[in-house]
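Participant: Generate coordinates for the sequence data below:
(one chain, ligands or ions: 1)
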Amino acid sequence: MREVREAFRRFWPLTRGDRRWLLAIIACVVVSALAETASILLFAELTDNALEAGSLDAFWGPAGAWLAVAVLGALVGYLGNSLATWTAERFVLRLRAGVFRHVQDLPPHFFQRHRQGDLVERLTGDVEAIEQMVVSGVVGTVSAAFSAVFYAAAAFWLRWDLALVTFVLAPLFLLAARRFTGRIKEASQDERVADGAITSVVEESLGNIVLTQAYNRQGDEAQRLDREARAWMKASVRGARLSEMYEQFVEVVETLCVLTVIGLGVWEISAGRMTLGQLLAFAAFIGYLYPPVRSLGQLGLTLTAATAGAQRLNEILDAEPSVKDPAAPVRAWPVQGWVGFHGVSFRYPGATRRSLDELTFTASPGELVLVTGASGAGKSTLSKLLTRFYDPSAGVITLDGVPLADVPLAFLREQVALLPQETLILNGTIRENIECGRPGATDEDIERVARAAAAHAFIAALPEGYDTRIAPGTAALSGGQQKRITIARAMLRAAPVLILDEPTAGLDAVAARQIMNPLRRLMSHRTTILITHDLTLAPDADHILVVDDGRLAETGTHAELASRGGPYTRLLGPAQGAPTGKAEDTSVLRV
Ligand SMILES: Nc1ncnc2c1ncn2[C@@H]1O[C@H](COP(=O)(O)OP(=O)(O)OP(=O)(O)O)[C@@H](O)[C@H]1O
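Facilitator: Numbers count the residues shown, from 1 in each chain. Below is the predicted model of the structure:
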C-alpha cells in the first residue's frame with residue numbers, strides 16, 4: 001500500500017490541468033448509473049402493470065420513458081467514455097514526454113548500465129501501466145464506488161431485508177481479491193522485465209547483424225531470444241492463469257448470490273409479500289451491483305500491477321543528471337577560446353580508479369593541442385569533462401578563465417563543439433544533418449561548409465543531392481563521407497573551441513587522407529583539442545600532450561618530443577627511430 005501511495009504522490013501531479021475533465025467523466029458515470037437505475041424501475045413497472053395485467057394502455061407511458069432514459073444514458077455513456085480515453089492518453093503523453101526529457105539529460109554511464117530495450121519498455125509499457133492506475137484507476141474506482149452505492153441503495157429501497165441477506169456474501173469477493181493480488185503483481189513484474197529483455201535482445205542482435213552473419217551466430221542469437229521469450233511466456237501464462245482463476249471464482253460467487261435472491265424471491269412471492277416485477281427489479285439491481293463491486297475488488301490487482309511499472313520508472317526518474325546548470329550562471333560573453341585544465345582528476349561514478357589524475361595544461365585561442373597516448377589512457381574522458389558531461393572530482397576546468405561549472409550548460413555546448421569518435425548521423429536529409437550544427441542556417445551556408453569539408457562534390461553527385469535521406473547505420477554513404485558531413489556540421493557551428501576525438505577512427509588510409517584538409521580548415525582559427533592515435537597532424541600541433549594512465553606523461557612540440565626518446569617516441573614507432581613500441585598503438589599510427 002505504501003508503494004501505491006508513493007506512486008500516487010509522484011504521478012498524480014501530472015493530472016494537473018485535466019482534473020476538471022476527470023470530474024466531468026465521473027459526472028457522466030453518475031448520470032449513467034442513475035439512468036440505469038431508472039430503467040430498472042421502469043422495467044419493474046412494465047412487468048407488474050403491463051405484462052402481468054396484459055394491458056397495452058399501461059405499456060406506452062413507461063415504455064416511452066424507458067426509451068428516453070436509454071437515449072440519455074447512451075449519449076452520456078458515449079461522452080464519458082470518449083472523454084476518459086482522451087484524458088488517459090493525454091496523461092500518457094505528458095508522462096512519457098517528461099520521462100524522455102529526463103532521460104535525455106542523463107550522463108553517458110547511465111546508458112552504458114541500462115540496456116536500450118529495457119529503457120524502451122519503461123517508456124512504453126510501464127508508462128501505460130501507470131496511466132492505468134493514476135487516471136483510469138481513479139476514474140474507474142470513483143465510478144465503481146458510485147455505481148455500487150446507487151444499485152445497493154436501490155436494492156435496499158426495494159427490499160432491505162432481502163438486500164441484507166444477499167450482501168452477507170460480499171466478503172467472499174474481498175477474500176478472493178486479497179488472495180490473488182500479490183501473486184498477480186509478481187507475474188506482472190516478471191512479464192515487464194521479460195518484455196524489456198526481449199526488446200533488448202532483438203535490438204542488440206539487429207544492431208550486430210554483421211557479426212551474427214559473419215561468425216554464423218544466428219543459432220546463438222536465436223537461443224538468446226528463445227530464453228527471454230520463454231521467460232516472458234512463463235510469466236504471461238502465469239499472470240493470465242491467475243487472472244482467469246480469479247474471474248472464474250468470482251463468477252461462481254455471483255451465481256451463488258443470484259440463486260439466493262431467486263430462492264428468497266420465490267418464497268416471498270408464494271407468501272404474497274412481493275410481486276414478480278419487484279423480484280425481477282431486485283435481481284437486476286443485484287446483477288448490476290456485481291460489475292462495480294468486482295472492479296472494486298480488482299482495483300487491488302490493477303494497483304499492484306501498476307506499482308511494478310511505477311518502480312521501474314522511478315529508477316529512471318531517480319537517476320540524477322551528473323551536471324546541473326549553475327545556480328548563479330555568468331552572463332554569456334564573446335568567447336576567445338582560452339582553455340585551462342588545472343589539476344583535474346576524475347573518477348567515473350562507481351569506478352574504483354581514477355581515469356584522470358591531476359591533469360594540468362592550457363590552450364590559447366587558435367592553438368592546436370594534440371592529445372595522444374595508449375588506449376584507455378583517459379583521452380576521451382578529457383573531452384567529456386571539457387563538454388561538461390561530468391564535473392571533475394578535483395581541480396578546475398576553465399573557459400576564458402571562467403570555471404565551467406559557472407557557465408550555462410547550453411552556452412558552453414554552443415562554444416565547445418565536439419566531434420566524437422563515433423560518426424553521429426541523424427535520421428533526416430543531408431541538409432538537415434549539416435544544418436543541425438546551426439539551426440536556421442541558409443542553403444548557401446550549408447553548401448559553403450560542405451565545400452570546405454570536401455563533401456559538396458559527392459553530395460551533389462547523389463540523385464537527390466542535399467535532400468538525400470540518411471539514417472544512423474544505413475549504408476547510403478561511406479564512413480569517410482559521413483565523417484565529412486559531420487565535419488561540415490561542426491564547421492557550421494563555428495564554435496571557438498573544438499574537440500576532435502579520433503577523427504580518423506574507422507577510416508582507411510585513403511579516407512583518412514581525404515579528411516585531413518577539411519580537418520585543417522575546420523581547426524584553423526579555433527582552439528582545437530585533437531585526441532588521436534593517428535599522428536599525421538602532429539607536426540601541425542602547437543603542443544602535444546602524451547597521457548598515460550590518466551596522467552600527463554610528457555608535453556612539448558612534435559620536434560621536441562620526437563627527439564626526446566620518451567613515451568612519445570615510443571608511440572611514433574620504430575620507423576621514427578624509436579627503440580620499441582606497443583604493437584596496438586603503432587599499428588594505428590602507421591595509417
Ligand atoms: N563509464 C565509465 N565508467 C567507468 N570507467 C570508465 C567509463 N568510461 C571509461 N572508463 C575508464 O576510464 C579510462 C579512460 O577511458 P577513456 O575512454 O578516456 O580512454 P581513451 O584514452 O580515450 O581510450 P581509447 O583511445 O581507447 O578511446 C579507462 O580505463 C576506461 O576503462
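Participant: Work out for me the element whichever residue of the stretch 51-200 of the chain sits closest to the ligand sits within.
Facilitator: Proximity of the stretch 51-200 of the chain to the ligand (CB to the nearest ligand atom) peaks at residue 109, 3.8 Å away. (C-beta placed from N, C-alpha, C; glycine too.) In this structure, residue 109 is located in helix 108-113 according to DSSP states H and E.
Participant: tell me the average confidence for that helix?
Facilitator: Taken as a whole, helix 108-113 has an average pLDDT of 84.
Participant: for that helix, which positions count as buried?
Facilitator: Neighbour counts over helix 108-113 (16 or more other CB atoms under 10 Å) mark 109, 110 as buried.
Participant: Next: stretch 250-266.
Facilitator: Residues 250, 253, 254, 257, 260, 261, 264, 265 are the ones in stretch 250-266 that count as buried (16+ other CB under 10 Å).
Participant: got a list of what the closest residue to residue 379 other than its chain neighbours touches?
Facilitator: Counting by CB to CB, 6 or more residues apart in numbering, residue 531 is the residue found nearest to residue 379 once chain neighbours are left out, at 4.5 Å. Contacts for residue 531 were tallied using CB atoms under 8 Å, 6 or more residues apart in numbering; they are 371, 372, 379, 380, 382, 383, 499, 500, 501, 502.
Participant: quick one: which two of these are the most distant?
Facilitator: By the measure CB to CB, these have their two most distant members at 372 and 499, which lie 14.1 Å apart.
Participant: now what about stretch 438-454, what contacts it?
Facilitator: Outside of stretch 438-454, the residues that reach it under the criterion CB under 8 Å, 6+ apart are 431, 434-435, 437, 456, 459, 466, 484-485, 487-489, 491-494, 514-515, 517-518, 521-522.
Participant: Over that stretch, what's the mean pLDDT, rounded is fine.
Facilitator: In this model, stretch 438-454 has an average pLDDT of 90.
Participant: Am I right that residue 211 is in contact with residue 220?
Facilitator: No - in this structure, residue 211 is not within contact of residue 220 by CB atoms under 8 Å, at 10.7 Å.
Participant: Just the strands from the stretch 301-450 of the chain, written as ranges.
Facilitator: Taking DSSP state E, counting those that start in this stretch as the criterion, the stretch 301-450 of the chain contains strands spanning 339-346, 356-363, 368-373, 394-399, 402-403, 416-419, 428-429.
Participant: and the last one, how far from the chain's centre?
Facilitator: Using CA atoms, centre = their mean, to the nearest Å, we find the averaged C-alpha position of strand 428-429 to lie 23 Å away from the chain's own average C-alpha position.
Participant: which outside residues touch that strand?
Facilitator: With contacts defined as CB under 8 Å, 6+ apart, strand 428-429 is touched by 466, 467, 468, 469, 470, 471.
Participant: And the fifth one, by the same measure?
Facilitator: Outside strand 402-403, the residues that touch it by CB under 8 Å, 6+ apart are 330, 396, 397.
Participant: partners of it, with directions?
Facilitator: Strand 402-403 pairs in its sheet with strand 394-399 (antiparallel), by DSSP bridges.
Participant: what pLDDT, on average, does the strand it pairs with get?
Facilitator: Mean pLDDT, computed over strand 394-399, is 95.
Participant: which of the residues in that strand are buried?
Facilitator: Buried residues in strand 394-399, counting neighbours by 16+ other CB under 10 Å, are found at 395, 397, 398, 399.
Participant: again with stretch 307-321
Facilitator: When neighbours are counted by 16+ other CB under 10 Å, the buried residues of stretch 307-321 are found to be 307, 308, 309, 310, 312, 313, 314, 316, 319.
Participant: Quick one, which of the residues you listed has the minimum pLDDT?
Facilitator: Note: of the buried residues of stretch 307-321, the lowest pLDDT belongs to residue 308, at 79.
Participant: contacting residues around that one?
Facilitator: When the contact criterion is CB under 8 Å, 6+ apart, the partners of residue 308 are 129, 185, 188, 189, 192.
Participant: In a markdown table, list these along with pLDDT, neighbour count and distance to residue 228.
Facilitator: As requested, those are arranged in a markdown table below (pLDDT from 0 to 100; neighbours: other CB atoms under 10 Å; distance: CB to CB, whole Å):
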| residue | pLDDT | neighbour count | distance to residue 228 |
| --- | --- | --- | --- |
| 129 | 83 | 22 | 20 |
| 185 | 74 | 21 | 21 |
| 188 | 78 | 25 | 17 |
| 189 | 77 | 19 | 15 |
| 192 | 78 | 23 | 13 |
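Participant: Around the ligand, which positions in the stretch 1-150 of the chain sit nearby?
Facilitator: Near the ligand, the residues belonging to the stretch 1-150 of the chain are 109, 112 when assessed by CB under 6 Å from any ligand atom.
Participant: And the stretch 351-500 of the chain, by the same measure?
Facilitator: Checking the stretch 351-500 of the chain against the ligand by CB under 6 Å from any ligand atom, the hits are 351, 355, 373, 375, 376, 377, 378, 379, 380, 381.
Participant: farthest-separated two in those residues?
Facilitator: 351 and 373 (18.3 Å).
Participant: And those two? Which one has more around it.
Facilitator: Using other CB atoms under 10 Å as the criterion, residue 351 and residue 373 rank with residue 373 on top: 24 against 10.
Participant: who's the more buried one bridged to?
Facilitator: On the basis of DSSP bridges, residue 373 is bridged to residue 547.
Participant: Quick check: phi and psi at the nearest residue to residue 370 once chain neighbours are set aside.
Facilitator: Beyond its immediate neighbours in the sequence, the residue positioned closest to residue 370 (CB to CB, 6+ apart) is residue 541, lying 3.9 Å away. With angles defined as degrees, to the nearest 10, residue 541 sits at phi -70, psi 140.
Participant: Check the one 4 residues further on too.
Facilitator: The phi/psi pair for residue 545 (degrees, to the nearest 10) reads phi -110, psi 130.
Participant: Can you check the pLDDT for the residue nearest the centre of the chain?
Facilitator: For the chain, the residue lying nearest the average C-alpha position, counting by CA atoms, centre = their mean, turns out to be residue 123 (3.6 Å). Confidence at residue 123, expressed as pLDDT, is 87.
Participant: Check residue 190 too.
Facilitator: Residue 190 carries a pLDDT value of 83.
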